[in-house]
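# Build me a model from this:
(chains A, B, C and D)
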2 protein chains.
Amino acid sequence: MVDLVDQLKDDILNGKLPKGRPLRQQELSSIYGVSRIPIRDAIALLKNQGWLIAHGKAGVMIPELNWQEAEDLYRMRMALEVQLLEHALPNLSHEVLGRAKDINLQLNAPCLTLLERGQLNWDLHATLYKVANRPTLFNVVAILNEQVRRYMGFQDGPLNYRDTSQSEHEQLFHLIENKQFEQSLCLLEDHIKVAGQKMVEYLKSNQ
Amino acid sequence: MVDLVDQLKDDILNGKLPKGRPLRQQELSSIYGVSRIPIRDAIALLKNQGWLIAHGKAGVMIPELNWQEAEDLYRMRMALEVQLLEHALPNLSHEVLGRAKDINLQLNAPCLTLLERGQLNWDLHATLYKVANRPTLFNVVAILNEQVRRYMGFQDGPLNYRDTSQSEHEQLFHLIENKQFEQSLCLLEDHIKVAGQKMVEYLKSNQ
DNA sequence: AAGATTAAAAATGTATACATTTTTAATAAT
DNA sequence: ATTATTAAAAATGTATACATTTTTAATCTT
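Numbering: from 1, shown residues only, chains lettered A, B, ... in the order given. Have a look, this model is predicted:
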């Protein structure tokens, strides 16, 4: 069932599902070769997490991208991920940091799509956040990051995202290793703020 | 179906559903007199929103209260509701403020349970937040406030919650009417912070 | 006696069938 | 011609039935 949800997310992102008209349970049922019950379950989850919106009282639609929502998502991330990192900092062993560094190396690959890059970016952050041991906060942050993926499907997204993001990660690791906790929190805050501003700028200019 | 979800929430809060052991779909099905399908739907939603947690791979359980989660919930509220109020401030007409004041009067009634008080408190805040026109942010804040209700079921919750909360609301209205926006944001922040601290204190001492 | 193995029981996930609600479009009224 | 009305079609919500997975407990092994 989680497979179906992920597949729906991918197909929403890749434009394989039609935008601008309501999606019906039967239609999705025949597309994915399962009955309406698991489709209903998946739709309910995706509605809860902002991937689909109700269309009147029957059917759902793929929501339009809009810069206000992107701004909200990034600002929420900024506020909440700082809290999460703060809890995580005392528990960030060299081993955990090592795992995050490995992911950051993968981000180096030049052939990644923006979606793949977004996924790796979250994997990196999640690696750090997990040791915060704050499941409720983590869960909200995870959903926000998932939602942000909806905004990362462009062929030509915000420029230079790759280079800046990656070196900021390295800076972050460095600050954490040197126990400069206050500064690492500020860096994270700025890291997300800048990414959000670029995204919002891009959306405003392309709407 | 939303009726069933609300009824389940109430029954969780009022202790009508057993804590400490897994709840089965069939059991709930016979309690509420509907088939397992709508029960499944409701369970899925309540799991998403933290009202139930998975128990292994079969069944769900009512989660224990713990102060870390309460701390997270209030800190998230603090960060996000300030953002939401900031968006709302320019649109807070006298009419909207009037509706909020009416709710604040209802909070005056001495015979309210903590749950009813919590509900009215959210109604008041939601009245202000709706005019922010930020559905994504509003939705997250709404879920957080719903979740906080789980922590408000005590017979003897944090003391003096009623008096302080109500006068703080009045202060907030006053500041907004006088266009002292910066200060109203600070007051809201402090309003939630103090409520959270009291709740956390209470939970720590009673665990 | 403690732990692993296996079979029965029970629970969940899914499919199909039915009931109810919602949508659509055709007809009637102003 | 535009708006209401109404009936047919289609969609969703729910119930029942079945398949698969998970749990439980009884048996076997060491």
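
# For residue A:86, grab the count of nearby residues.
A total of 17 residues lie near residue A:86 under the criterion other C-beta atoms under 10 Å in any protein chain shown. Quick note: C-beta positions are derived from backbone N, CA and C, even for glycine.

# swap in the one 3 residues further on?
Residue A:89 has 17 neighbours, counted by other C-beta under 10 Å.

# Residue A:108 too?
Residue A:108, neighbours per other C-beta under 10 Å, totals 9.

# where's it relative to DNA strand D, distance?
Between residue A:108 and DNA strand D the distance is 37 Å, computed by C-beta to the nearest atom of the strand, to the nearest Å.

# Is that residue in a helix, a strand, or coil?
coil (DSSP: H, G, I helix; E, B strand; the rest coil).

# how about the residues of chain A near DNA strand C?
Listed as neighbours of DNA strand C in chain A under the rule C-beta under 7 Å from any atom of the strand: A:1, A:34-38, A:41, A:56-58.

# For chain A, which segments count as strands?
Assigned by DSSP state E, the strands in chain A fall at A:53-54, A:60-61.

# Give me the pLDDT for residue A:158.
In the prediction, the pLDDT value recorded for residue A:158 is 54.

# And the buried ones among the residues of chain A next to DNA strand C, selectable in ChimeraX?
Only the buried entries of these go into this ChimeraX selection, using 16 or more other C-beta atoms under 10 Å in any protein chain shown:
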select /A:38,41
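
# Among the residues of chain A next to DNA strand C, name the ones in helices.
Judged by DSSP state H, the subset of those located in helices is A:36-38, A:41.

# Could you report the distance from residue A:48 to residue B:142?
Distance, residue A:48 to residue B:142, by C-beta to C-beta, to the nearest Å: 12 Å.

# follow-up on the earlier one: can I get the strands of chain A in a markdown table including distance to residue A:129?
Shown next, in a markdown table, are the strands of chain A (distance: least, C-beta to C-beta, whole Å):
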| stretch | distance to residue A:129 |
| --- | --- |
| strand A:53-54 | 28 |
| strand A:60-61 | 30 |
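
# how does chain A divide up, domain by domain?
With domains defined by automatic domain parsing, chain A comprises A:2-61, A:67-205.

# Least confident of those, on average?
Per-stretch mean pLDDT for the domains of chain A is lowest at domain A:67-205 (a mean of 91).

# ok, which residues in chain A are in contact with chain B?
Within reach of chain B by C-beta under 8 Å from any C-beta of the partner chain, chain A has these residues: A:37, A:40-41, A:44-45, A:48-50, A:68-69, A:72-73, A:75-76, A:79-80, A:83, A:133-137, A:139-140, A:144, A:147.

# so what's the residue in chain A that chain B sits nearest to closest to, chain neighbours aside?
Residue nearest to chain B within chain A (C-beta to the nearest C-beta): residue A:79, separated by 3.7 Å. Closest residue to residue A:79 apart from its sequence neighbours, by C-beta to C-beta, 6 or more residues apart in numbering or on different chains: residue B:79 at 3.7 Å.

# Ok, residue A:94 next?
Of all residues not flanking residue A:94 in the chain, residue A:177 sits nearest, at 7.8 Å (C-beta to C-beta, 6+ apart).

# looking at it, the one you found is touching residue A:98, isn't it?
No - here residue A:177 does not reach residue A:98: they are 10.7 Å apart, not a contact under C-beta atoms under 8 Å.

# Which residue ranges of chain A form helices?
With DSSP H as the criterion, chain A has helices at A:2-13, A:25-32, A:36-48, A:67-88, A:94-106, A:114-130, A:135-148, A:161-177, A:181-205.

# Geometrically speaking, which residue is the centre of chain A?
Centre of chain A computed as the mean C-alpha position; nearest residue by C-alpha atoms, centre = their mean is residue A:145, 2.7 Å away.

# Show the contacting residues for that residue.
Residue A:145 is in contact with A:77, A:122, A:125-126, counting by C-beta atoms under 8 Å, 6 or more residues apart in numbering or on different chains.

# Apply 10 Å and report the result again.
Shown in contact with residue A:145 (C-beta atoms under 10 Å, 6 or more residues apart in numbering or on different chains): A:73, A:77, A:81, A:118-119, A:121-123, A:125-126, A:129.

# Using TSV, lay out the residues you listed together with neighbour count.
Supplementary listing: the contacts of residue A:145 in TSV, determined by neighbours: other C-beta atoms under 10 Å in any protein chain shown:
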residue	neighbour count
A:73	24
A:77	24
A:81	24
A:118	22
A:119	16
A:121	23
A:122	19
A:123	16
A:125	24
A:126	16
A:129	22
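
# closest to residue A:103 among these?
Proximity of those to residue A:103 (C-beta to C-beta) peaks at residue A:123, which lies at 5.3 Å.

# For that closest one, which non-adjacent residue is spatially closest?
Spatial nearest neighbour of residue A:123, chain neighbours left out: residue A:103 (5.3 Å); criterion: C-beta to C-beta, 6+ apart.

# How many residues are close by that neighbour?
17.

# Correct me if wrong: residue A:103 contacts residue A:124.
Yes - contact criterion C-beta atoms under 10 Å: residue A:103 and residue A:124 qualify, at 4.3 Å.

# and residue A:6, how far is that from residue A:32?
Using C-beta to C-beta, one gets 12 Å for the distance from residue A:6 to residue A:32.

# Report the set of residues contacting both of those two.
residue A:42.

# which of the two has more neighbours?
Under the criterion of other C-beta under 10 Å, the comparison of residue A:6 against residue A:32 puts residue A:32 first, with 16 against 11.

# residues contacting that one?
Residue A:32 makes contacts with A:3-4, A:7-8, A:11, A:38-39, A:42, as judged by C-beta under 10 Å, 6+ apart.

# Just put these in JSON lines and tack on distance to residue B:181.
Formatted as JSON lines, the contacts of residue A:32 follow (distance: C-beta to C-beta, whole Å):
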{"residue": "A:3", "distance to residue B:181": "48"}
{"residue": "A:4", "distance to residue B:181": "46"}
{"residue": "A:7", "distance to residue B:181": "46"}
{"residue": "A:8", "distance to residue B:181": "42"}
{"residue": "A:11", "distance to residue B:181": "44"}
{"residue": "A:38", "distance to residue B:181": "48"}
{"residue": "A:39", "distance to residue B:181": "46"}
{"residue": "A:42", "distance to residue B:181": "42"}
